[in-house]
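Participant: sequence and predicted model, in that order:
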Amino acid sequence: IAFERFLPALPGSLIVVLASIGLMYVTDLQDKGVKVAGEFPSGLPGLGITSIPTDHISDIAGLAFGCFLLSYVEGIGVAKTFAARHHQPLDANQELYANGAINIASGIAQGFPPISNL
């Protein structure tokens, strides 16, 4: 908050993270009870499909549909805005296919699906 108010031109979040890393490196705060995340695996995650236990599918289905609907509505809203601004036609089915492809690819790559497909 102080960076936003007094030094808005500096990347305050980055400075705080780097200062925190430096503080943990030069002190023994971990020995005094400050929890740290531990080791992170290096490299990219492998490609694959994660298995879902069958007893959790009913719990996940509603949430997955809600996330899909929100993603599609938001994506189509952005697409309509860009299409209108640039006087281009918009194919809602093509947007749906693109949204599905992006979500499948990010799931296989164990990544985060983008909020908008544009």
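Facilitator: Happy to help now that I have it. Numbers count the residues shown, from 1 in each chain.

Participant: packing partners for the longest helix seen in the chain?
Facilitator: Criterion DSSP state H: the longest helix present in the chain is helix 57-85. Under the contact definition 3 or more Cβ pairs under 8 Å, 6 or more residues apart in numbering; DSSP states H and E, helix 57-85 sits against helix 92-108. From N, CA and C alone the C-beta is placed, and that goes for glycine too.

Participant: distance from the helix it packs on to the middle of the chain?
Facilitator: Helix 92-108 sits 16 Å away from the centroid of its parent chain (Cα atoms, centre = their mean, to the nearest Å).

Participant: can you check stretch 26-34 too?
Facilitator: Taking mean C-alpha positions (Cα atoms, centre = their mean), stretch 26-34 and its chain are 31 Å apart.

Participant: pLDDT of it, averaged?
Facilitator: Averaged across stretch 26-34, pLDDT comes to 87.

Participant: still on that earlier bit, show me what counts as buried in the longest helix of the chain.
Facilitator: 71-72, 75-76, 79, 83 (16 or more other Cβ atoms under 10 Å).

Participant: tell me what angle it forms with helix 92-108.
Facilitator: Going by axes from the mean of the first three to the mean of the last three Cα atoms, to 10 degrees, helix 57-85 is angled at 130 degrees with respect to helix 92-108.

Participant: cool, thanks, signing off.
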